[in-house]
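*Asks:* One predicted model, sequence on top.
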Amino acid sequence: MKIIASPIEMQRYAENARREGATIAFVPTMGFLHEGHLTLMREGRARASILASSLFVNPTQFAPNEDFSRYPRNFARDCELMETVPVDVLFAPEPTAMYPAGSQSWVEATEVTRGLCGDHRPGHFRGVTTVVAKLFNIVKPHFALFGEKDFQQLRAIQRMVVDLNFDLEIVPVATVRERDGLAMSSRNAYLSPEERQRALAISRALKAARQCFDEGARYTAQLACAARYVLERTPGLEIEYIEAVDAETLAPLKALDRPVVVAIAARVGATRLIDNMTFSPFSN
């Protein structure tokens, strides 16, 4: 695996590959990889002749009171895991390379980042869309793969790609879960054994919403209430939000007359976890 730290060198690598007729699939990461990341990479490996990834803990998507400094990192282990796929090229820049002195430009998707995590993490999605736009310009992929666990992030990036005419395809990949149902996340490493057991209530809450839907519920409030019932009965879990919204626009919705996503954010101890499940009235 080739490791590149310089944005200019990465651009030249991508330009040369494209000139020679290669296709590039790209999986951006913040490292501390798990099976969810590797699933994205394997999908990318199957779609293109070159698989690129990035490892960059992006400071602009963390608020001052969030976990940037303690976000889990293990570069050597991440490289070993990438080589099992295998990844062809890893872009691993320093923050000063991505945000040189004097940087003042931002990319922002507005409507789709309102509500859900956007209400609770001011500036987060502006940091995400800005760094992803930069990565697209540096890595120059034909395909970029993103997990559905970060559903609002996925929708923001899809909106950005359409609005700014990026010449690439965004490939959503289903959430990868542990055997017990917990959505895989780098932040799961923060959980103590007791907290991890409490965190399972999040996936149970989504299953309760699914049961409610399967039993005939056709209003979003019914799905959200079914999920809330489970979470409110879990000691040591603090609900940040439970919402059932339009799965495309993420706008509020009353009736289940189109696809809906039930999205949850909750804190277990000091760890913030998110998860979601989509529902379509046309699938039954």
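*Replies:* Yes, it's here. Numbering: from 1, shown residues only.

*Asks:* So residue 235 lies in a helix, does it not?
*Replies:* No - counting by DSSP: H, G, I helix; E, B strand; the rest coil, one finds residue 235 to be coil, located in no helix.

*Asks:* mind saving the C-alpha coords of the one helix or strand residue 155 maps to as PDB?
*Replies:* Using DSSP states H and E, the element containing residue 155 is helix 151-163. Only the C-alpha atoms of helix 151-163 are listed here, as PDB (Å, rounded to 0.1, in the frame of the first residue of the first chain):
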ATOM      1  CA  PHE A 151     -27.400   8.900   7.600                       C
ATOM      2  CA  GLN A 152     -27.500  12.700   7.800                       C
ATOM      3  CA  GLN A 153     -23.900  12.900   6.700                       C
ATOM      4  CA  LEU A 154     -24.600  10.600   3.700                       C
ATOM      5  CA  ARG A 155     -27.500  12.800   2.700                       C
ATOM      6  CA  ALA A 156     -25.500  16.000   3.100                       C
ATOM      7  CA  ILE A 157     -22.700  14.600   0.900                       C
ATOM      8  CA  GLN A 158     -25.100  13.400  -1.700                       C
ATOM      9  CA  ARG A 159     -26.700  16.900  -1.800                       C
ATOM     10  CA  MET A 160     -23.300  18.600  -2.100                       C
ATOM     11  CA  VAL A 161     -22.300  16.300  -5.000                       C
ATOM     12  CA  VAL A 162     -25.400  17.200  -6.900                       C
ATOM     13  CA  ASP A 163     -25.400  20.900  -6.100                       C
END
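
*Asks:* how about the helix or strand just after that helix: buried residues?
*Replies:* Next in sequence after helix 151-163, counting helices and strands by DSSP H and E, comes strand 169-173. For strand 169-173, the neighbour count (16 or more other C-beta atoms under 10 Å) marks 170, 171, 173 as buried. Quick note: C-beta positions are derived from backbone N, CA and C, even for glycine.

*Asks:* What helices and strands are in contact with the helix or strand just after strand 169-173?
*Replies:* Sequence order places helix 193-214 as the next helix or strand after strand 169-173, per DSSP H and E. Judged by 3 or more C-beta pairs under 8 Å, 6 or more residues apart in numbering; DSSP states H and E, the packing partners of helix 193-214 are helix 220-232, strand 237-246, strand 260-268, strand 271-279.

*Asks:* Compute the inter-axis angle for helix 193-214 and strand 260-268.
*Replies:* On the basis of axes from the mean of the first three to the mean of the last three C-alpha atoms, to 10 degrees, helix 193-214 is oriented at 160 degrees to strand 260-268.

*Asks:* the inter-axis angle of helix 193-214 versus helix 220-232?
*Replies:* 160 degrees.

*Asks:* what angle separates helix 193-214 from strand 237-246?
*Replies:* Using the same axes, to 10 degrees: helix 193-214 against strand 237-246 is 30 degrees.

*Asks:* how many degrees apart are helix 193-214 and strand 271-279 in direction?
*Replies:* Using the same axes, to 10 degrees: helix 193-214 against strand 271-279 is 20 degrees.

*Asks:* And the contacts of helix 193-214?
*Replies:* 177, 180-183, 188, 191, 222-231, 234-237, 242, 244, 256, 262, 264, 266, 268-269, 271, 273, 275-277, 279, 284 (C-beta atoms under 8 Å, 6 or more residues apart in numbering).

*Asks:* any idea how far residue 187 lies from residue 97?
*Replies:* 25 Å (C-beta to C-beta, to the nearest Å).

*Asks:* and if you look at residue 36?
*Replies:* Separation of residue 36 from residue 97 (C-beta to C-beta) stands at 26 Å.

*Asks:* Mind checking which of these two has more residues around it?
*Replies:* Neighbour count, other C-beta atoms under 10 Å: between residue 36 and residue 97, residue 36 has more, with 21 against 16.

*Asks:* And the next helix or strand past the helix or strand hosting the more buried one?
*Replies:* Secondary structure assignment for residue 36, by DSSP H and E: helix 35-47. Downstream of helix 35-47, the next assigned helix or strand under DSSP H and E is strand 50-55.

*Asks:* Name the residues that touch that following strand?
*Replies:* 14, 17, 22-31, 41, 44-45, 75, 78, 82, 85-93, 135, 139, 141.

*Asks:* other SSEs contacting whichever helix or strand comes after that strand?
*Replies:* Per DSSP H and E, the first helix or strand lying C-terminal to strand 50-55 is helix 75-83. With contacts taken as 3+ C-beta pairs under 8 Å, 6+ apart, helix 75-83 sits against helix 35-47, strand 50-55.
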